[in-house]
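**Q** Give me a 3D structure for the following:
(one chain, ligands or ions: 2)
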Amino acid sequence: MPMNMEEVTMNNKFNIVDVLMLDHKYLKECIKVMKDDEEDKKVKLRIAKGFLDALAKHSLAEKRAVYAPLLKVKDLRKDIIEGEIEHGIVDAKVKMLTVKLTGLRSLGEELEIEMKVLAELLEHHIKEEEEEMFPKMKKDLDKVILNEMGFQFMKLRNFSEKDLRHYPKLQKEVTGLKKLGHRISGNFIAKVQKHVTAAGHHVG
Ligand SMILES: [Fe+2]
Ligand SMILES: [Fe+2]
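**A** Numbers count the residues shown, from 1 in each chain. Ligands and ions are numbered 1, 2, ... in the order given. The predicted model follows:
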């Protein structure tokens, strides 16, 4: 069934905070494995590869569908700038480690520690998003915007069939999104900013 915007925004299935929490849930499971010194190295390497892939996609979609449109929200501006700086550090590490792990059959000590450091950086970042940013987003933005933001995030997030094993709740939604391509709608950022200005939450 084709998806119309009214359906997206009214049924609350795509609320960005819920979608991000679900994506974070999988990332947190990976973080736990990366931080566990007792975990089997083979398991760790397998999970590390999935972790880097999910994190790269999460980061890109989050920066474009969430961070960029909210930069002018007074309440959120400092959190967004801080988050963007952290994304910069995390993304550089993800890029470097993806190259190093490609084709690797066993995880050496140094790479294992590199993965642990990445996991700890991300853990801090996710905690701030969940405890500081998300409550403000829920307070400042109305449901229509939160749902449309989740919809745009899902389009960009580009879940693979394999990813979806971790997200049973999103499976049906993602099937509908596949046909829409993986690009953010052109007028989306302007629409969020208009909403934020109208609600009096903008900077300046
Ligand atoms: Fe983030
Ligand atoms: Fe996030």
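
**Q** Only C-alpha atoms from now on, for both contacts and neighbour counts.
**A** Noted.

**Q** Which secondary structure elements does the longest helix along the chain sit against?
**A** Taking residue count as the measure and DSSP state H as the definition, the longest helix of the chain comes out as helix 77-101. The elements that helix 77-101 packs onto, with contact taken as 3 or more C-alpha pairs under 8 Å, 6 or more residues apart in numbering; DSSP states H and E, are helix 41-62, helix 109-128.

**Q** buried sites along the following helix or strand past the shortest one?
**A** Just to be clear, that refers to helix 109-128. Sequence-wise, the next helix or strand beyond helix 109-128 is helix 134-140, with elements assigned using DSSP states H and E. Neighbour counts over helix 134-140 (16 or more other C-alpha atoms under 10 Å) mark 134, 137, 140 as buried.

**Q** by contact count, what packs against the next helix or strand after helix 134-140?
**A** Using DSSP H and E, the helix or strand that directly follows helix 134-140 along the chain is helix 143-157. Of the remaining helices and strands, those touching helix 143-157 by 3+ C-alpha pairs under 8 Å, 6+ apart are helix 5-10, helix 16-35, helix 41-62, helix 171-178.

**Q** low-confidence ranges in the chain?
**A** By pLDDT under 70, the low-scoring segments of the chain are 1-5, 175-182, 204.

**Q** residues contacting the residue nearest the centre of it?
**A** When the chain is reduced to its mean C-alpha position, the closest residue under C-alpha atoms, centre = their mean turns out to be residue 58, at 3.5 Å. Contact partners of residue 58, counting by C-alpha atoms under 8 Å, 6 or more residues apart in numbering, are 23, 157.

**Q** related to what we said a few turns ago, distance to residue 76 added to the buried residues of helix 134-140, as JSON lines?
**A** Listed next are the buried residues of helix 134-140 as JSON lines, based on distance: C-alpha to C-alpha, whole Å:
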{"residue": "134", "distance to residue 76": "10"}
{"residue": "137", "distance to residue 76": "8"}
{"residue": "140", "distance to residue 76": "9"}
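
**Q** what separates stretch 10-20 from the chain centre, distance-wise?
**A** Here stretch 10-20 shows a centroid-to-chain-centroid distance of 13 Å under the convention C-alpha atoms, centre = their mean, to the nearest Å.

**Q** wait, which of the buried residues of helix 134-140 is closest to residue 102?
**A** Of all those, residue 102 sits closest to residue 134, with 34.0 Å by C-alpha to C-alpha.

**Q** Would you mind measuring from the closest one to residue 104?
**A** Here residue 134 is placed at a distance of 37 Å from residue 104 (C-alpha to C-alpha, to the nearest Å).
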